[in-house]
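1. Show me how the following folds:
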Amino acid sequence: RRTGDKNLYDDGLGLKPSALSTVGLRRATEAQSVKVHNLTGFDLHIIPDSTAFSAESGLVPSGQIVAVEAIPTTQQASGRRELSFSMRVSSLASKVVGDRETIFDLIVRPSGSQEPRLYLLPPIASISSAVDGRSSPETVLTEETAATIEMSFCAEPVVEYCMHNQRISSLVSDVYSTPKGCDILSGSLWTPSDEDMDDSEGIPGASSSLGASHSPASPRSPTREGSKQKGYWVKPYQSDSPEWTDMTCTLRMALERVMLPDSNWMWANDWTVDLSGKLGESSDADGWEYQTDFESFTRNRRDYRRGDSCRRRRWTRTRMVKPPQLDDPHRLLRFVWDPTTDEYGNVHVEVRSNLRIFNSTGGALSFFLNSPSWASDVSVGIAEPGGKINVPVALASAVYMKIGRATVGCEVLPDDGSGCSEKIMIIPLSPNSSNYIRSSMDLADVSGTVLHFLVEIRCRRGIVDVIIEPVLRMINLLPCQVECQVGEMLDSTDKR
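-> Just a heads-up that it's a prediction; the model follows:
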């Protein structure tokens, strides 16, 4: 307020104008503006931890970017200051995903690098009432496993492993002694020995429930039509490891004898070959790793070298607790808090789900997600070449994905399933893993064109990226342009 002297001011606290300017300047410089991009699929309230929630405070609508002001409240030993936020689902979104707990301590470091972090968004109500009736009288589990069933909304998928072992035939001394042009390392050419065909113990496909036809490369591929030669790879010797074993390669194992714990669990896929690892280094194109003898195998996998006479590959099958319905308000949701800082010091935070789909092909593709508990496939949009799709949080619990053509009206799949790929399981093998799946899509047109894809499911700390890549890439390292023409070799029975 103005005093008797027109040039003097009194704020009632004895502070002079110079002091007031210093305080205001310090507060203005300490305040940090953070731009929050909401990609969750529903509205959120995001405010600093020191601020109380209200009906309108910190509202970040779905798909929009909103600047949130915050004053650093936490200082590390290194002197760096941190920003801390709280997040809550809006009242309108609660009608769709149910009432959710408020998440605190969402950290942003303006002056340092920070990796994306996965958070749980649990329901407020206890889920014990939601799982009534889910226990089965056939359950023969321990108390610890029974507790997992009670928390079925939180249970993670479990991957079962089995190892397939083979030795090179005694008729072949070395791969270089085979006839010219014969590739024994290709899964499309080699076949098992004739005497192995009648032995179905532990073989994928021996039971109709396994369906080896869905596997990327079956070890029981039929002999080529008109070929009378025996396979180059046979069962191990009696002194070796059994043909089908556990991961230690010592205990005999039969695939069809791997059972579910009880009726609360379900198989998410059939037995498939584990194609993880770098092609040409850790394994070949069909997942085989090689060594001179079975005792030489270690955790470090490698591809074929001259003199190798033994090989093995892993088969996997994923089981999971039967998922809840899509509209169940008690199901567990996950989101990712992903802060970044640009070269000018501006902080940008993406709040998204833990599932993204990247299109690394040369054409636009549409994507559909599904789960055993969902009524039908759900479209998540179209990704242009080089583009990506941030799957909404409510749909990130999907188990399967289908790839379709990007055409008008592609939000709904045809009843006959034409113009799209088979369902692809997108559950990662572990919280930190990378595995590949081969897939194809018949365009169902007069040309009879079939598009082939290589699908990588990459997971890091529970954050999943599904990357769709072509099976063939041509890279020009020459200092000039090169014209290439790719042809297709048709089978004699092809009528095109």
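2. CA only for contacts and neighbour counts going forward, please
-> Noted.
3. hang on, isn't residue 405 packed against residue 363?
-> No. At 9.2 Å, residue 405 and residue 363 do not qualify as touching, with contact defined as CA atoms under 8 Å.
4. So the two - more neighbours on which side?
-> Set residue 405 next to residue 363 and count neighbours by other CA atoms under 10 Å: residue 405 wins out with 20 against 12.
5. what's around residue 98, how many residues?
-> Around residue 98 there are 20 residues (other CA under 10 Å).
6. So what does it have for phi and psi?
-> Dihedral pair for residue 98: phi 90, psi 170, per degrees, to the nearest 10.
7. go on, the one 3 residues further on?
-> Dihedral angles phi and psi of residue 101 (degrees, to the nearest 10) take the values phi -70, psi 150.
8. Quick check: closest non-adjacent residue to it.
-> Spatial nearest neighbour of residue 101, chain neighbours left out: residue 124 (5.2 Å); criterion: CA to CA, 6 or more residues apart in numbering.
9. again with residue 159
-> residue 318 (4.4 Å).
10. what's around that neighbour, how many residues?
-> 20.
11. Now do the same contact list for it.
-> Residue 318 makes contacts with 157-160, 267-270, 429, as judged by CA atoms under 8 Å, 6 or more residues apart in numbering.
12. repeat that for 10 Å
-> 157-161, 266-272, 425, 427-429 (CA atoms under 10 Å, 6 or more residues apart in numbering).
13. Just the closest of those to residue 381, please.
-> Nearest to residue 381 among the contacts of residue 318 is residue 425, at 18.4 Å by CA to CA.
14. can I assume the closest one is in contact with residue 399?
-> Yes. At 5.8 Å, residue 425 counts as touching residue 399 under the criterion of CA atoms under 10 Å.
15. shared neighbours of these two, anything?
-> Common neighbours of residue 425 and residue 399 (CA under 10 Å, 6+ apart) are 268-269, 369-371.
16. Let's see which of those end up in strands.
-> Secondary structure from DSSP state E places 369-370 of the shared contacts of residue 425 and residue 399 in strands.
17. what's the helix or strand for the residue nearest to residue 159?
-> Using DSSP states H and E, residue 318 sits in strand 310-321.
18. Direction included, what does that strand pair against?
-> Strand 310-321 has the following strand partners under DSSP bridges: strand 158-168 (antiparallel), strand 265-267 (antiparallel), strand 272-273 (antiparallel), strand 289-291 (antiparallel).
19. CA-only coordinates of that strand in CSV, if you can.
-> Provided in CSV are the C-alpha atoms of strand 310-321 (Å, rounded to 0.1, in the frame of the first residue of the first chain):
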residue,chain,number,x,y,z
CYS,A,310,24.9,-81.2,-33.1
ARG,A,311,22.2,-78.6,-33.0
ARG,A,312,19.2,-77.7,-30.8
ARG,A,313,16.4,-75.1,-30.7
ARG,A,314,13.9,-74.0,-28.1
TRP,A,315,10.2,-74.4,-28.4
THR,A,316,7.9,-72.2,-26.4
ARG,A,317,4.2,-72.1,-25.4
THR,A,318,2.6,-69.4,-23.3
ARG,A,319,-0.1,-70.0,-20.7
MET,A,320,-2.0,-67.2,-18.9
VAL,A,321,-4.8,-66.8,-16.4
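20. Okay, now the sheet partners of the helix or strand just after it, with direction.
-> Proceeding N to C from strand 310-321, the next assigned helix or strand is strand 333-341, under DSSP H and E. Strand pairing for strand 333-341, using DSSP bridges, gives strand 117-121 (antiparallel), strand 347-352 (antiparallel).
21. what's next to the first one, contact-wise?
-> By CA under 10 Å, 6+ apart, the residues outside strand 117-121 that reach it are 87-89, 99-103, 106-107, 154, 331-339, 352-354, 393, 460-463.
22. show me where the stretch 1-150 of the chain has helices.
-> With DSSP state H, counting those that start in this stretch as the criterion, the stretch 1-150 of the chain has helices at 17-30, 91-97, 143-150.
23. least reliable of those going by mean pLDDT?
-> Mean pLDDT is lowest for helix 143-150 among those, at a mean of 42.
24. what separates residue 467 from residue 437, distance-wise?
-> 10 Å (CA to CA, to the nearest Å).
25. Name the residues contacting each of the two.
-> Shared contacts of residue 467 and residue 437 (CA under 10 Å, 6+ apart): 453-457.
26. In strands only, show me those.
-> Per DSSP E, the subset of the shared contacts of residue 467 and residue 437 in strands is 453-457.
27. Can you name the residues that contact residue 471?
-> The contact partners of residue 471, taken as CA under 10 Å, 6+ apart, are 361, 438-439, 451-455.
28. how does it look with 8 Å?
-> 452-454.
29. how close does the residue nearest to residue 312 when sequence neighbours are not counted sit to residue 249?
-> Ranked by CA to CA, 6+ apart and with sequence neighbours excluded, the top spatial neighbour of residue 312 is residue 165, at 4.4 Å. To residue 249, residue 165 is 8 Å away according to CA to CA.
30. out of the two, which sits in the more crowded spot?
-> residue 165 (24 against 21).
31. which residues sit in contact with that one?
-> Counting by CA under 8 Å, 6+ apart, residue 165 touches 235-236, 241-245, 310-313.
32. Highest neighbour count among the residues you listed?
-> Going by other CA under 10 Å, residue 244 tops the contacts of residue 165 with 26 neighbours.
33. Quick check: beta-bridge partners of it?
-> Using DSSP bridges, the beta-bridge partners of residue 244 come out as residue 164.
34. Make sure it is actually in contact with residue 254.
-> Yes. Contact criterion CA under 8 Å: residue 244 and residue 254 qualify, at 6.5 Å.
35. what's the most buried one of the strands paired with strand 333-341?
-> Mean neighbour count (mean count of other CA atoms under 10 Å) peaks for strand 347-352 among these, with a mean of 20.
36. Give the partner strands of the helix or strand that that strand is followed by in its sheet and their orientations.
-> Remark: after strand 347-352, the chain's next helix or strand is strand 355-359, criterion DSSP H and E. Paired neighbours of strand 355-359 in the sheet (DSSP bridges): strand 388-390 (antiparallel), strand 463-470 (parallel).
37. got a list of contacts for strand 355-359?
-> Contacts of strand 355-359 (CA under 8 Å, 6+ apart): 365, 383-391, 396, 463-469.
38. if you average pLDDT over it, what comes out?
-> 96.
39. Quick one: low-confidence residue ranges for this structure.
-> 1-32, 52-55, 71-80, 112, 125-155, 173-231, 408-411, 414-417, 488-496 (pLDDT under 70).
40. what's across from residue 46 in the sheet?
-> residue 87.
41. what sits against it?
-> Counting by CA under 8 Å, 6+ apart, the residues that residue 46 touches are 57-60, 68, 85-88.
42. quick check, nearest of the residues you listed to residue 40?
-> Checking the contacts of residue 46 against residue 40 by CA to CA gives residue 60 as the nearest, at 10.5 Å.
43. ok, now how distant is the closest one from residue 326?
-> With CA to CA as the criterion, residue 60 and residue 326 are 24 Å apart.
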